[in-house]
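Visitor: everything below, folded, please.
(2 chains)
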Amino acid sequence: MTTTAPSPFAPPPEATRTTYLNAGTGLRSWLLTTDHKRIAVLYTLAITAFFGLGGVMAFLMRLELLTPPSDLFTIDTYNRLFSAHGIVMVWFFLIPSIPTTLGNFLLPLMIGTRDLAFPRLNLLSFYIFLVGGLFTLAAVSFGGIDTGWTFYTPYSTSFSQTRVFLVVMGIFVMGFSSILTGLNFVVTTHTLRAPGMTWNRLPLFVWSLYATSLIQILATPVLTLTLVLLGMERWFGVGIFDPALGGDPILFEHLFWFYSHPAVYIMILPGLGVISELITCFSRKHIFGYNWIAGSSLAIAAFGFLVWGHHMFVSGQSVYAGLVFSVLSFVVAIPSAIKVFNWIATLYMGRIYLRTPMLYAFAFIGLFVIGGMTGLIVASLAVDVHVHDTYFVVAHFHYIMVGGMLTAYLGGLHFWWPKITGKLYPEGWGIAAAILIFVGFNLTFLPQFIMGYLGMPRRYGAYAPEFQVYHVLSTAGSTVLGVAYLLPLGYLLWSLKYGPDAGPNPWNATGLEWTTPSPPPPDNFDEAPVVRDMPYAYHLEHRQFMDPDEAGALAAKKASRSED
Amino acid sequence: MPELATTLPGRPAPPFDSVGQQASARRLGMWVFLASETLLFGAFFLAYTVYRRLYPEAWAAGAQHDSLAIGTALTGVLLLSSLTAALAVAASKARAWRAVTGLIAATVGLGVFFIGLKFYEYWLHWQDGFVPALHFTHADPHLDLFFVFYFLMTLLHALHMSIGIGLWTLLGVQAHRRRLRDEAAVETTGLYWHFVDLVWLFLYPLLYLVK
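Guide: Prediction:
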């Protein structure tokens, strides 16, 4: 555990240097900041809290499912638990997660500018997000909602006795935050790139943020409108989606999934971008197929708009529509596979360093492939009739959302932690947590594929005894997973105080964000950067990997030499 | 050309390096926002179309209960306001601030007139008992559905109009004091205003002229 002790060669503590962290003090300087880096930190705190809340709900559900009858909670409470879990995790963790935290922090640094194009709008987005979250929290604490996260009509509008209106308000409000963040990112990428930062030199993480932003801008308003119609119907009793009054409930499903399927790509695309950065850095090789990876992000965003109907194969939509949606869903697998194959080609003949972020990247590739391949199974018309609304589907999307997106988020968080905080996290703990998360995750969700295929329906608080063995395995896995998630929370916070100083570039990585000190100064760069090279020139001699401690020692030596 | 420097007002706000870069960012920002708005109204038009196909008779009957005269007048007023808005943008580029102030005032006046006339029409609908959920006195549930769409779509449009009127008023006051903090704002507000007009140009045939 040499990495936990401060190295004697580490650069001297730079107490005098102004960073974004010490540029202003007091609560006010944080709550009214327009610095994208501070806003990223605010978002990180908020989504971590929401993740904790959603996670506790998931764990309570797993506890209930330990035994076949509903003995821990009533069925009604269980319904509210899974609904709140879904809503909090989807809209207040997964959708904002990577773009608002790592994206907010890194986008201006990566393209070499001082801030996002509209810094005050960025702060406004954060508060809109917070207000939406508070609405939802209020709804949960006033008794919650039992419709599931999909709010299918007419149950949600005419029958549910729970806090539908309040939750819908919360998500309606949060949507504006999502749109404005996407708008800010797109305009920033177009107008604020440093000299020399051409489109084909953009980091792949920026490409993925750009594609994500397009979806946020174009899909979210449809959800906004749908929720308005739903709210009107519930509030005034008009029959927009109520078949008893001439409304069409299938139309609600179409409109809902027109947003909520692309929303899946809002969640996963930034994760794909993070993995592209990690793979190339820790295999010390130029990324293979840069153009293809960048293009596949845009292709996923575009095709993602055309597949929503695969959620509705058994809802009564026309079978011909189902056929088209099925084919298009298979098509989305192509750009996703392009990414995976390019990552593997990048690893080939590379010098692979198994540091914590790289372990997360490996975990991501495996879990994403399983999640993606099972996606093809549920995209097949006939098979979907069998597995629809079973735990097979639950396992499929958790492999993408948790196994994919959350793994990428943690990988990215570890990779850029030295940049964000200026401190190194303890590598040994990082590796232990990454392995534990991988084991816990698979133990939780692999059994769900099996029980789902055998017929265990989703959203049931009580079940037939023959499924118990799978549920026990799953609950055991979720316990491991829960503990494993607490580890990074512990050691990352620990590193804030006790971690050794990271220096500007502990991974000896390429990219503009590593050319500025850690943590970055308030204006990001001491002098305006100019880009002269292609991205990811890891094959060059001076880009060899060294342990963060060695990098620190080298930086200190350089500093002392320049003083002489 | 030393006088060129004086024609560039003020300094760009961070993170921009130049006023030109800032203006192009704001212009792009508005276009991106309008793309988002298109999908918002687009979803509404889609839902409208689904029900019009399901209940063509009710839709035709519903449009008969609107006042064609008022609808046409509203369209005329709005087109006129788009003209004054476009002229205001042109005048701001020519830095003719008196004209800018006057044209913005005309745009605001026409906008307010539009909202007033629209709410007068709502009042007529109320008297005839065509307000769903609150005061609907007719038996046909499909007619009710038409008026749900009529009210929600025109109210959403009126909300956008009101935001536009607010923006123009702010800019008008600044132009009057010759203290326009951001000249690109006239152009971006103009873009927004034209977009809202364009939405009405779809609403007018869909709600007044369908048969």
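Visitor: from now on I want contacts and neighbour counts done on CA atoms only, so please keep to that.
Guide: OK.
Visitor: so where's chain A uncertain?
Guide: A:1-15, A:552-553, A:555-556, A:559, A:561-564 (pLDDT under 70).
Visitor: kindly recompute the last result at 50.
Guide: In the predicted model, chain A carries pLDDT under 50 at residues A:1-8.
Visitor: show me where the stretch 451-564 of chain A has strands.
Guide: Here the stretch 451-564 of chain A has no strands by DSSP state E, counting those that start in this stretch.
Visitor: for it, which segments count as helices?
Guide: Assigned by DSSP state H, counting those that start in this stretch, the stretch 451-564 of chain A shows helices spanning A:468-498, A:548-563.
Visitor: need the ones you listed in a markdown table (columns: distance to chain B).
Guide: Output for the helices of the stretch 451-564 of chain A, formatted as a markdown table (distance: least, CA to the nearest CA, whole Å):
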| stretch | distance to chain B |
| --- | --- |
| helix A:468-498 | 29 |
| helix A:548-563 | 30 |
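Visitor: dump those helices to TSV, plus mean neighbour count.
Guide: Formatted as TSV, those follow (neighbours: other CA atoms under 10 Å in any protein chain shown):
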stretch	mean neighbour count
helix A:468-498	18
helix A:548-563	16
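Visitor: so which of those helices is nearest residue A:518?
Guide: Set against residue A:518 and scored by CA to CA, these come closest in helix A:548-563, at 11.6 Å.
Visitor: list the contacts for residue 188?
Guide: Went with chain A since none was named. A:108, A:116, A:117, B:25 (CA atoms under 8 Å, 6 or more residues apart in numbering or on different chains).
Visitor: not quite, I wanted chain B
Guide: Residue B:188 makes contact with B:26, B:27, B:30 under the criterion CA under 8 Å, 6+ apart.
Visitor: and the strand or helix carrying the last one, what's buried?
Guide: This points to residue B:30. According to DSSP states H and E, residue B:30 maps onto helix B:19-54. Residues B:19, B:21-23, B:25-45, B:47-48, B:51-52 are the ones in helix B:19-54 that count as buried (16 or more other CA atoms under 10 Å in any protein chain shown).
Visitor: so how far is residue B:31 from the residue in chain B positioned nearest to chain A?
Guide: As assessed by CA to the nearest CA, chain A sits closest to residue B:40 within chain B, at 4.7 Å. As judged by CA to CA, to the nearest Å, residue B:40 and residue B:31 stand 14 Å apart.
Visitor: and the residue in chain A positioned nearest to chain B, how many neighbours?
Guide: Here the residue of chain A nearest chain B is residue A:221; by CA to the nearest CA that distance is 4.7 Å. Neighbour count for residue A:221, taken as other CA atoms under 10 Å in any protein chain shown: 26.
Visitor: hmm, it is touching residue B:34, no?
Guide: No: judged on CA atoms under 8 Å, residue A:221 makes no contact with residue B:34 at a distance of 10.9 Å.
Visitor: and chain B, which residues reach chain A?
Guide: Applying CA under 8 Å from any CA of the partner chain, we find that chain B lies next to chain A at B:14-16, B:21, B:24-25, B:28-29, B:32-33, B:35-37, B:39-44, B:47, B:132-133, B:141-142, B:145, B:148.
Visitor: pull out the buried positions in stretch B:191-202.
Guide: For stretch B:191-202, burial by neighbour count (16+ other CA under 10 Å) applies to B:191, B:192, B:193, B:194, B:195, B:196, B:197, B:199, B:200.
Visitor: also stretch B:157-173?
Guide: The neighbour-count check on stretch B:157-173 (16+ other CA under 10 Å) flags B:157, B:158, B:160, B:161, B:162, B:164, B:165, B:167, B:168, B:169, B:171, B:172 as buried.
Visitor: ok, now stretch A:158-169?
Guide: A:160, A:162, A:163, A:164, A:165, A:166, A:167, A:168, A:169.
Visitor: just the strands in chain B please.
Guide: For chain B, the strands defined by DSSP state E cover B:130-131, B:135-136.
Visitor: tell me the residues of the stretch 201-350 of chain A that contact chain B?
Guide: Applying CA under 8 Å from any CA, we find that the stretch 201-350 of chain A lies next to chain B at A:217-219, A:221-222, A:224-226, A:236-240, A:245-246, A:251, A:255.
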